[in-house]
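Enquirer: Return a 3D structure for these sequence lines:
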Amino acid sequence: MIGTVIKSTGSWYKLLDEDGKRWDARIRGKIRLQEADTSNPVAVGDRVHFLPDPQFPDTCSITAIEDRRNWVIRKSNKLSSRRQIIATNIDLAVMVASVAAPRTSTGFIDRFLVCCEAFHIPALLFINKTDLLPEAGLELLHHLNGIYTNAGYEVMNGVASEGTGVEALKTRIYGKTVLFAGHSGVGKSTLLNAMFPLAEARVGKISASHEKGTHTTTFAEMHVFEGHTGIIDTPGIRDFGLVDIEPKESGQYFPEFRPFLPACRFNDCTHTNEPDCALQAAVRAGKVPEERFYSYLSILQGDDVFS
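Expert: Residues are numbered from 1 along each chain as shown. Okay, the predicted model is just below:
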């Protein structure tokens, strides 16, 4: 039998089979051995083969994982060399960000977008909580919109708690398997509930002392709605360490860099101190935002994590 993994709790999984039935599943040992360098050999979004357990109803064993179309992956944490697969087989990745309470850094956003580019996943940026911004914050919001629109990304602004911008996003994701990612507290679960109230995703509060969100989503879970729309809600990501991407090749994963790269004098230009570097010239001329260029340099220097 074949099904899709819709929830991962570390040792147990929830599957949705082709007839819409849900199963509790565990994996066989040989699958764990095949993915020894990852913290989760099976991820939400995986298409898997399974065998029902004859002794326990609605329980099964995962016997094989079908080839993945794509995936979002990061370092498990700052101290680990293992990798964590956040989700697989994604049609669209939505980075839910905020410029206030808590603030999402461009470095964090950029690493996520580089991962999406590397694994061929279309990405969209939804900047939430725009109602909390003072006048200076609105200028920052306008600046961020310009940075990522210039890079070729679709950018939406809204206030999930008030329903602003929600319908436009709902229309955009209809019929797709979509990953919601971002820091704790940026409003992923609020946004999910605003679009689909039946999701009943838990919503946490912001710490007044640290302006950080609390983890209310403990495990990645796919919520399936009308029109085969599947939204993968994930625990808040504190940091994003890139893996399986060569730092020296990361420049090609910044879309707005690409028109300038062929004009560099050297084919292997790192865009740091080489003469006649077209990318550096574009940054000086204001054609490429400095923030994006600094993100590239940080990745090039091996800064694995940016929270």
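
Enquirer: Which parts of the stretch 151-300 of the chain are helices?
Expert: Ranges of helices within the stretch 151-300 of the chain are 166-173, 188-195, 278-284, 290-300, based on DSSP state H, counting those that start in this stretch.

Enquirer: what distance separates the second one from the centre of its chain?
Expert: So that's helix 188-195. 16 Å (CA atoms, centre = their mean, to the nearest Å).

Enquirer: between it and helix 166-173, how many degrees?
Expert: 90 degrees (axes from the mean of the first three to the mean of the last three CA atoms, to 10 degrees).

Enquirer: contact partners of stretch 54-64?
Expert: Outside of stretch 54-64, the residues within contact range by CB atoms under 8 Å, 6 or more residues apart in numbering are 1, 13, 15, 21-28, 31, 42, 48-53. Yep, even glycine has a C-beta here, placed from its N, CA and C like the rest.

Enquirer: go again using 7 Å as the cut-off
Expert: 13, 15, 23-28, 31, 42, 48-53 (CB atoms under 7 Å, 6 or more residues apart in numbering).

Enquirer: Give me the buried positions along that stretch.
Expert: By 16 or more other CB atoms under 10 Å, the buried positions in stretch 54-64 come out as 60, 62.

Enquirer: all numbers from here: first residue = 7
Expert: In the new numbering, first residue 7, that becomes stretch 60-70.

Enquirer: What's the end-to-end length of it?
Expert: End-to-end distance of stretch 60-70: 19 Å, with CA to CA, to the nearest Å as the criterion.

Enquirer: In PyMOL, how would I select just the buried ones from the contacts of stretch 60-70?
Expert: To isolate the buried members of the contacts of stretch 60-70 in PyMOL, using 16+ other CB under 10 Å:
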select buried, resi 19+21+29+30+31+33+37+48+54+56
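
Enquirer: out of the helices of the stretch 157-306 of the chain, deepest packed?
Expert: Ranked by mean neighbour count under mean count of other CB atoms under 10 Å, the helices of the stretch 157-306 of the chain are led by helix 194-201, which reaches a mean of 24.

Enquirer: list the helices and strands that one packs on?
Expert: Counting contacts by 3 or more CB pairs under 7 Å, 6 or more residues apart in numbering; DSSP states H and E, helix 194-201 packs against helix 172-179, strand 235-239.

Enquirer: Give the rounded mean pLDDT of stretch 153-165.
Expert: Averaging pLDDT along stretch 153-165 yields 97.

Enquirer: before we move on, what about stretch 111-121?
Expert: pLDDT averaged over stretch 111-121 gives 94.

Enquirer: ditto for stretch 10-29
Expert: Model confidence over stretch 10-29, given as mean pLDDT, is 93.

Enquirer: cool, stretch 305-313 as well?
Expert: In the prediction, stretch 305-313 has an average pLDDT of 71.

Enquirer: do the same with stretch 249-268
Expert: Stretch 249-268 comes out at a mean pLDDT of 93.

Enquirer: can you check stretch 290-301 too?
Expert: Here the average pLDDT along stretch 290-301 is 96.

Enquirer: Ends of it, what's the gap?
Expert: 16 Å.

Enquirer: one step back: give the single residue among the contacts of stretch 60-70 positioned nearest to I91.
Expert: Distance to I91 across the contacts of stretch 60-70 (CB to CB) is lowest for V48, with 8.6 Å.

Enquirer: isn't the closest one right next to V11, touching?
Expert: Yes: counting by CB atoms under 7 Å, V11 is a contact partner of V48 at 5.9 Å.

Enquirer: any shared contact partners between these two?
Expert: Common neighbours of V48 and V11 (CB under 7 Å, 6+ apart) are 19, 54.

Enquirer: packing partners for the helix or strand encompassing L131?
Expert: For L131, the host element (DSSP states H and E) is strand 129-134. With contacts defined as 3+ CB pairs under 7 Å, 6+ apart, strand 129-134 has these neighbours: strand 98-104, helix 112-124, helix 141-156, strand 160-163.

Enquirer: now do 8 Å
Expert: strand 98-104, helix 112-124, helix 141-156, strand 160-163, helix 194-201 (3 or more CB pairs under 8 Å, 6 or more residues apart in numbering; DSSP states H and E).

Enquirer: F231 - nearest residue in space that isn't next to it in sequence?
Expert: Nearest non-adjacent residue to F231, counting by CB to CB, 6 or more residues apart in numbering: F202, 5.1 Å away.

Enquirer: And for the one you found, the neighbour number?
Expert: F202 has 17 neighbours, counted by other CB atoms under 10 Å.

Enquirer: wait, what's in contact with it?
Expert: Residues near F202 by CB under 8 Å, 6+ apart: 176, 229, 231, 237.
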